[in-house]
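Student: Give the three-dimensional model of this entry:
(one chain, ligands or ions: 1)
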Amino acid sequence: MPPVLLPLLGQIAIITGASRGIGRAIALRLAHSGATLVLAARDEQALREVAQLIHANGGTALVVPTDVTVDEQLAALVDQTLAHYGHIDMLVNNAGGGPPRTPIIKARLADWEWTLRVNLWATMVLSKLVLPGMIERQRGAIINICSLAGLTGKAGEAAYAAAKFGVRGFTQSLFDEVHEHGIKVSSIFPGYVDTALIPPNRRVDRGKMLRPEDVAEAVHGVVMSSARSCPVEVMLQPQRDPFKT
Ligand code: NAP
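Tutor: Modelled structure (predicted):
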């Protein structure tokens, strides 16, 4: 039997929003390929459970409780990662969400600010913080979990759409600036994924939604893409429409 190949062995990956849903699945997928994970989110207990699962499967993970809406905690996340491992190969900006659907006229400014911070601002700040090391090493990957809401604005989702449109623009600019340094930059645009973010709704067939593992596979595909190529924008739709009976 040939030895099992771990293509990401020795590579250090920070995943935000790794405590549940899509971020958890991304962490497990990258760990399965040998990456060392740095797990960030607010729920420390949930992060520890993800880390335990990774350790039980022979992998390595560091838990760094982080609220990505707080700039100092973003800096601390990068500092702690560098102190432990010396470098960062991958950053997956996945933490995100939004308030319940609300018309603009009734929206609370605090909800707008939180939505822009968690989805867009944190993505921008963390990307900026990891770039110097990636440029120095002439390698790396920054993958931003966007949304179809980043391509089309819908009523009731103004702040979320604004944030995700922003993520798309930021990612395109980032790619343009750093691709010559060998750094992969990508936005992933998933359709409906069966996670806690999507509230129960009798009209939707959750069995037809994407699963977090589908998005994780797309992230894995980006980091495994050839050195000559970069999947800069990846749209991921459910094969069958969850709203069609
Ligand atoms: P989820 O199950 O609600 O998970 C959201 C994750 O973000 C959790 O790990 C949460 O961890 C973390 N998070 C939220 N606020 C945070 C904060 N202030 N600081 C740090 N972490 C924070 O949702 P999901 O569906 O997996 O969403 C993940 C990403 O996919 C989001 O960017 C979302 O916009 C995007 N997306 C989702 C869908 C979908 O249909 N589900 C579709 C397209 C795009 P803590 O609560 O522990 O902090």
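Student: in the sheet, who's paired with residue 91?
Tutor: residue 14, residue 142 (DSSP bridges).
Student: Tell me the spacing between it and residue 71.
Tutor: 16 Å (C-beta to C-beta, to the nearest Å). (C-beta placed from N, C-alpha, C; glycine too.)
Student: In terms of packing, which of the two has more residues around it?
Tutor: A direct count of neighbours by other C-beta atoms under 10 Å for residue 91 and residue 71 places residue 91 higher, at 28 against 13.
Student: sec struct for the residue nearest to residue 102 when sequence neighbours are not counted, please.
Tutor: Distances taken as C-beta to C-beta, 6 or more residues apart in numbering place residue 156 nearest to residue 102, at 6.1 Å, with adjacent residues excluded. Here residue 156 is recorded as coil under DSSP: H, G, I helix; E, B strand; the rest coil.
Student: Would you mind listing what in the protein touches the ligand?
Tutor: Residues of the chain lying near the ligand by C-beta under 6 Å from any ligand atom: 16-17, 19-23, 41-43, 46, 66-69, 94-97, 118-119, 145, 147, 190, 192-193, 195-198.
Student: Buried members of those residues into ChimeraX, please.
Tutor: Buried subset of the residues of the chain next to the ligand, written as a ChimeraX selection, criterion 16 or more other C-beta atoms under 10 Å:
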select :16,17,19,20,21,22,23,41,42,46,66,68,69,94,95,96,118,119,145,147,190,192,193,195
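Student: For stretch 214-231, what is the distance to the chain centroid?
Tutor: Here stretch 214-231 is found 13 Å from its chain centre; the criterion is C-alpha atoms, centre = their mean, to the nearest Å.
Student: Contacts for it next, please.
Tutor: 7-8, 22, 25-26, 28-30, 33, 90, 92, 141, 143, 145, 175, 179, 182, 184-186, 188, 190, 193, 234, 236 (C-beta atoms under 8 Å, 6 or more residues apart in numbering).
Student: Just the buried ones from those?
Tutor: Using 16+ other C-beta under 10 Å as the burial test, these include 8, 22, 25-26, 28-30, 33, 90, 92, 141, 143, 145, 175, 184-186, 188, 190, 193, 234 as buried.
Student: How about the contacts made by the spatially most central residue of the chain?
Tutor: Among the residues of the chain, the one closest to the centroid is residue 94, at 2.3 Å (C-alpha atoms, centre = their mean). Taking C-beta under 8 Å, 6+ apart as the criterion, residue 94 is in contact with 15-18, 22-23, 26, 145.
Student: and those residues as a markdown table, adding secondary structure and pLDDT?
Tutor: Listed next are these as a markdown table, based on DSSP: H, G, I helix; E, B strand; the rest coil; pLDDT from 0 to 100:
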| residue | secondary structure | pLDDT |
| --- | --- | --- |
| 15 | strand | 99 |
| 16 | strand | 99 |
| 17 | coil | 98 |
| 18 | coil | 99 |
| 22 | helix | 98 |
| 23 | helix | 99 |
| 26 | helix | 99 |
| 145 | strand | 98 |
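Student: okay if I get those as CSV plus distance to residue 114?
Tutor: Below are the contacts of residue 94 laid out as CSV (distance: C-beta to C-beta, whole Å):
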residue, distance to residue 114
15, 20
16, 15
17, 14
18, 19
22, 19
23, 18
26, 22
145, 17
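Student: Thank you, goodbye.
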